[in-house]
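K.L.:
Attaching a predicted model along with its sequence, questions to come.
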Amino acid sequence: MGQGLKITSMSSKSWLQIRDRLKASLPGHIFSTLVEPTSCLETDAALELSFPNRFTKESFEEKCLSPMRLALKELSLDTKRVELFVFKTASVETQPAFLSPSSVSPFDPKYTFETFVIGSSNQFAHAACQAVSRQPGQCYNPLFIFGGAGLGKTHLLRAIGHEIFKTQNNLRVLFLTSEAFTNELIQAIRIDRMREFREKYRASCDVLLLDDIHFLAGKERTQEEFFYTFNYLHESRKQIVITSDRYPKDISGLENRLQTRFEWGLVADVQPPEVETRVAILKNKAEEQNILLPDEVAHYIASHVTSNIRELEGSLHRLQAHASLNHTLITMELAQQTLRDLVPKIRHQLTPDGILKLVALTFGLKIIDLKADKRARVLSEPRQICMYLLRKHLMMSLPEIGAFMGNRHHTTILHGVNEIISRSKTNPEIENNIARIESLIR
Ligand code: ADP
Ligand code: MG
C-alpha cells in the first residue's frame, strides 16, 4: 500500500476485534495473507476494507467474507455495511510492465484463450479479442464486448490481459471492473490524489481492460472522468477494451458522448452458447479439474442449463461436491437427484404417455408400433428417441422405461439412450427432431 495515506494507517477497534475472531476461525495462511495486511477505515455506517489489488480483494470476498459476517454478528456489529475497495496510489510499481520478464502473470491462468471454448455464439468476439491482443491499439479501438451474464466476457478480457502479458511484456496493462474504477476515483477525490489517479489511468497505461461498464450508468462524475481518460488513451493509440451487459446505446444513464465513442471501434456480442458448446465447456472444465464426467451426464446438464455458463460450471461443481461427499463417481442417477431443481416444474407434470404421443406425432407413427417388437429402422430410431426423452425428462430408471416401452430389457434401453446421444452428435436430423419434440415439452 502507498505510504502516507490516512486510509491505510487506520485500523479501527472493531477491525482489531474482528481480526482476532478471524484469526481463530481461518486457516493460518489465509489469515496471514488476506486478513493481517488489510487495513480498515470505520465510519458510523460502514467498515471499509482496502486491498492492494483486485485479486486480493476477490480472494478475501471468497474466503473471508462469510466468516467476517459471522464475526460481525457475534460482536453485534452487523448493522454496519462492509465495503471492499481496491486501492493503490503508486500503482505503477506493481504494474505488469515493471515486473521482471520471468515473473508470474498477474492474470489467472484459468482464463486464457486456450481455455476458452469457441462456438458460433462467441466466435466473433473471440476473434476480435485475439486480434486486439496481438496488436494492441492498432486494429479495433475501442473494442466493446457485450452480452448477458455468465457468457464469457470477463474471461475474454482476462485472456487479452494474459496474452499481452505473455507476449508483450513491456506494455502496461490495467484490468479492472468499472466498480473498482469508480471506487478508486471516489477515494482519490476524498484523499486528494487526483493527480496520481490520472497518472495511473492515462500516462502509465498502455492497455485498459475495463469490465462491466454498465456499472457507470447514472454515475456522472465517474463518467466525466472516464470520458477524459478514454480520450487521452484513444488519442495516444492505447488499446481500450470494454465489456457490458448491453449494447452501448442501450445503456440508459450513460452519457451520449460515451455511447458514441464506444461504437468508434468494434462492437462484438457474445450470445448464449449452443448445446454443443455447452457440452464442450463442461467437458473441458471437468478435465481441467480432474472430474470424471460421463458423456450422458454432460448432455443432461447441458440440456437443462441453457443460458448461462457460470451456472453450467456451478452445476458441475455441485455434482462433484455431492459425488465426493458420498464417495461415489458421478452418475446419471446422481445428476438427476442433485440437479433436480434445475428441471423446470412443468416437466414433472409430463407423463410417459405424453412423451410417447409427442414422439409418435412428430414421426407420424402409431403408438402401438413404437411399443411393439418390430425392428424396422423407421421405428427403431423414434423408439430410441423416446427412451432418451423418458430418461432425460422424466428421470425414469432403465427398467421402468423398459417396462413402459413394451417390456424391453434394461440393457436394450441403455443401448438405445446411448445410441441417440452419440448419433445426435453427428446427425443433425436426429438433433433437430429431438429439439422439435423438446420445444413442445417446454
Ligand atoms: P461474464 O463476464 O460474461 O458474466 P464470465 O467471463 O465471468 O462471464 O464467465 C463465467 C464463467 O464461465 C467463467 O468461469 C468462465 O471461465 C466460463 N466461460 C464462459 N464462456 C466460456 C467459454 N466459451 N469457454 C470456457 N469457459 C467459459
Ligand atoms: Mg463479467
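P.N.:
Yep, that arrived. Ligands and ions are numbered 1, 2, ... in the order given.
K.L.:
what's F144 in contact with, if anything?
P.N.:
The contact partners of F144, by Cβ atoms under 8 Å, 6 or more residues apart in numbering, come to 241-244, 248, 262-263, 265-268. Every C-beta, even on glycine, is put in place using the N, C-alpha and C of the backbone.
K.L.:
How much space separates M332 from M395?
P.N.:
The gap separating M332 from M395 is 9 Å, by Cβ to Cβ, to the nearest Å.
K.L.:
Would you mind writing the CA trace of stretch 231-251 as PDB?
P.N.:
Extracted in PDB, the C-alpha atoms of stretch 231-251 (Å, rounded to 0.1, in the frame of the first residue of the first chain):
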ATOM      1  CA  ASN A 231     -10.000  10.400 -25.000                       C
ATOM      2  CA  TYR A 232      -6.400  10.500 -23.700                       C
ATOM      3  CA  LEU A 233      -5.800   6.800 -24.300                       C
ATOM      4  CA  HIS A 234      -7.600   6.800 -27.600                       C
ATOM      5  CA  GLU A 235      -5.600   9.700 -28.900                       C
ATOM      6  CA  SER A 236      -2.400   8.100 -27.700                       C
ATOM      7  CA  ARG A 237      -3.400   4.900 -29.600                       C
ATOM      8  CA  LYS A 238      -3.600   3.000 -26.400                       C
ATOM      9  CA  GLN A 239      -5.900   0.000 -26.500                       C
ATOM     10  CA  ILE A 240      -9.200   0.100 -24.700                       C
ATOM     11  CA  VAL A 241     -11.400  -2.900 -24.200                       C
ATOM     12  CA  ILE A 242     -14.700  -2.600 -22.600                       C
ATOM     13  CA  THR A 243     -17.400  -5.100 -21.600                       C
ATOM     14  CA  SER A 244     -21.000  -4.500 -20.800                       C
ATOM     15  CA  ASP A 245     -24.300  -6.400 -20.500                       C
ATOM     16  CA  ARG A 246     -25.800  -4.300 -23.200                       C
ATOM     17  CA  TYR A 247     -25.200  -2.500 -26.500                       C
ATOM     18  CA  PRO A 248     -23.700   1.000 -25.900                       C
ATOM     19  CA  LYS A 249     -26.800   2.800 -27.000                       C
ATOM     20  CA  ASP A 250     -29.000   0.600 -24.700                       C
ATOM     21  CA  ILE A 251     -27.200   1.600 -21.500                       C
END
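K.L.:
pLDDT below threshold where in the protein?
P.N.:
Applying pLDDT under 70 to the chain flags the ranges 1-11, 52, 87-104, 341-349, 442.
K.L.:
80 instead?
P.N.:
For the chain, the stretches flagged by pLDDT under 80 are 1-13, 33, 37-45, 48, 50-55, 85-106, 307, 340-350, 439-442.
K.L.:
what does the stretch 101-250 of the chain have sitting close to ligand 1?
P.N.:
111, 115-117, 122, 149-155 (Cβ under 6 Å from any ligand atom).
K.L.:
if we go to 5 Å?
P.N.:
Along the stretch 101-250 of the chain, the residues adjacent to ligand 1 under the rule Cβ under 5 Å from any ligand atom are 116-117, 149-155.
K.L.:
from those, which is closest to S204?
P.N.:
Of all those, S204 sits closest to T154, with 23.1 Å by Cβ to Cβ.
K.L.:
For that closest one, which non-adjacent residue is closest in space?
P.N.:
D211 (5.5 Å; Cβ to Cβ, 6 or more residues apart in numbering).
K.L.:
For the stretch 51-200 of the chain, just list every one of the helices.
P.N.:
With DSSP state H, counting those that start in this stretch, the ranges of helices along the stretch 51-200 of the chain come out as 54-63, 65-74, 123-134, 153-167, 178-190, 194-198.
K.L.:
ranking those helices by burial, who's on top?
P.N.:
When the helices of the stretch 51-200 of the chain are scored by mean count of other Cβ atoms under 10 Å, the highest mean neighbour count falls to helix 153-167 (a mean of 22).
K.L.:
Next, the angle helix 123-134 makes with that one.
P.N.:
Here the directions of helix 153-167 and helix 123-134 differ by 30 degrees (axes from the mean of the first three to the mean of the last three Cα atoms, to 10 degrees).
K.L.:
For helix 153-167, name the packing helices and strands.
P.N.:
With contacts taken as 3 or more Cβ pairs under 8 Å, 6 or more residues apart in numbering; DSSP states H and E, helix 153-167 sits against helix 123-134, strand 143-147, strand 173-177, strand 207-211, strand 239-244.
K.L.:
Is any residue of the last one near ligand 2?
P.N.:
Spelled out, it's strand 239-244. No - applying Cβ under 5 Å from the ion, one finds strand 239-244 out of contact with ligand 2, separated by at least 6.4 Å.
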